[in-house]
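Engineer: sequence plus the predicted model coming up.
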Amino acid sequence: MSKPVDLPELWTHEPHDYLVYRQGDKVANIDTSATPGFKGKKADSVALQTERNERFAELQEMLYANSRGADDTRSVLLVLQGMDTAGKGGIVKHVVGAANPQGIEYTAFGVPTEEERKHHYLWRIRNALPPSGHVGVFDRSHYEDVLIARVHNLAPADVIERRYGQINNFERDLVRSGTRVVKLMLHISYEEQRQRLLDRLKNPDKHWKFNQKDIDERGYWDDYMSAYSIAITRCSTSWAPWYVVPADDKDYRNWAVASVLIETLEDMDPKYPQPKLDIPRLVRRLNV
């Protein structure tokens, strides 16, 4: 177990108060370098992240165990959206990776396959939903169908307009069925993205991650910010709110996401199942 951290002095424990999207906000106006809710210092980063990850892993294990031993059908769906280099992979590695992979369902959505194009855009999303007791992670999601589709005119305007309502209804049905939907936009600045792309080019071990299309997409930055604002405004609901996480500071990004997940799971209040076991008899059998 890691050295205890005086969390009340570092973090508010109520990340939703600082990160939840509020109607009227514009994504482009949210400070990507801010650290809302965090009161600590950079030196606290390792200890705090260790504590956050341990708590998340504990709650995730209880959720999974409850589905196995207490017929709890609930699950969590974590939706990660953001511009390229915003840190979706970093969250999967540094936060979600702390949990037992047995209870994690990870899906990265890329360009739809030929088979997927034959179906409604939510078809592939439904096929990837987490089973009971699992934390599902979507690296990109159904929101691509109102983000990149809007920016690059991949569907008629009236079709995209209908999708906002369809997404809201889809997510409401998910919540009613027992899946908590946690939607996070990892928000970085234009300049921070440039620096991260340059860093990849400077490091031969990172060249495999570099996609020249990322440079092309930078030309549509303002269009993407507008598309995000519209999508988040139209689809931040009481049952599935959006959180906008300033992501220029990678440590803060990780703390914030872990804290939102912890807050969600603590609200669900999973507990280890308590099967009826004759402990003395079982101990005697083992000691024979």
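Structural biologist: The structure has been received and is ready for your questions.
Engineer: what's the closest non-adjacent residue to residue 226?
Structural biologist: Setting aside the residues directly before and after it, residue 226 is nearest to residue 28 in space (C-beta to C-beta, 6 or more residues apart in numbering), at 7.7 Å. No exception for glycine: its C-beta is placed from N, CA and C like everyone else's.
Engineer: what is the burial count for the one you found?
Structural biologist: Using other C-beta atoms under 10 Å, residue 28 is surrounded by 16 other residues.
Engineer: enumerate every residue touching it.
Structural biologist: 222, 225-226, 229 (C-beta atoms under 8 Å, 6 or more residues apart in numbering).
Engineer: ChimeraX command to pick out the buried ones of those?
Structural biologist: Per 16 or more other C-beta atoms under 10 Å, the buried members of the contacts of residue 28 correspond to this ChimeraX selection:
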select :225,226,229
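Engineer: then the residue nearest to residue 226 would be within a strand, right?
Structural biologist: No - secondary structure of residue 28 (DSSP: H, G, I helix; E, B strand; the rest coil): helix, not part of a strand.
Engineer: what about it, distance to residue 280?
Structural biologist: Counting by C-beta to C-beta, to the nearest Å, the gap from residue 28 to residue 280 is 65 Å.
Engineer: contacting residues around the residue lying closest to residue 237 once chain neighbours are set aside?
Structural biologist: Spatial nearest neighbour of residue 237, chain neighbours left out: residue 168 (5.8 Å); criterion: C-beta to C-beta, 6+ apart. Residue 168 sits next to 234-235, 237, 240 when contact means C-beta under 8 Å, 6+ apart.
Engineer: check residue 104 too.
Structural biologist: By C-beta under 8 Å, 6+ apart, the neighbours of residue 104 are 60, 96, 134-137.
Engineer: name whatever forms a beta bridge with it.
Structural biologist: residue 135 (DSSP bridges).
Engineer: can you give me the strands in the stretch 101-250 of the chain?
Structural biologist: For the stretch 101-250 of the chain, applying DSSP state E, counting those that start in this stretch gives strands covering 104-108, 135-139, 179-187, 242-246.
Engineer: redo these as CSV? Include mean pLDDT and distance to residue 259.
Structural biologist: Putting those into CSV (pLDDT from 0 to 100; distance: least, C-beta to C-beta, whole Å) gives the following:
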stretch, mean pLDDT, distance to residue 259
strand 104-108, 97, 18
strand 135-139, 98, 15
strand 179-187, 98, 11
strand 242-246, 97, 10
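Engineer: low-confidence ranges in the stretch 1-150 of the chain?
Structural biologist: The model of the stretch 1-150 of the chain has pLDDT under 70 over residues 1-13.
Engineer: let's see 50
Structural biologist: Along the stretch 1-150 of the chain, segments meeting pLDDT under 50 span 1-4.
Engineer: now the stretch 151-288 of the chain
Structural biologist: Ranges of the stretch 151-288 of the chain meeting pLDDT under 50: none found.
Engineer: then the strand or helix carrying residue 262 to CSV, C-alphas only?
Structural biologist: In the assignment (DSSP states H and E), residue 262 maps to helix 250-268. This file holds the C-alpha atoms of helix 250-268, laid out as CSV (Å, rounded to 0.1, in the frame of the first residue of the first chain):
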residue,chain,number,x,y,z
LYS,A,250,-1.0,15.2,-18.2
ASP,A,251,-0.7,14.6,-14.5
TYR,A,252,-3.8,16.7,-13.8
ARG,A,253,-5.7,15.0,-16.6
ASN,A,254,-5.0,11.6,-15.0
TRP,A,255,-5.9,12.7,-11.5
ALA,A,256,-9.1,14.3,-12.8
VAL,A,257,-10.3,11.3,-14.8
ALA,A,258,-9.5,8.9,-12.0
SER,A,259,-11.4,11.1,-9.6
VAL,A,260,-14.5,11.3,-11.8
LEU,A,261,-14.5,7.5,-12.1
ILE,A,262,-14.0,7.1,-8.3
GLU,A,263,-16.9,9.5,-7.7
THR,A,264,-19.1,7.6,-10.1
LEU,A,265,-18.4,4.2,-8.5
GLU,A,266,-18.7,5.5,-5.0
ASP,A,267,-22.1,6.8,-5.9
MET,A,268,-23.0,3.3,-7.2
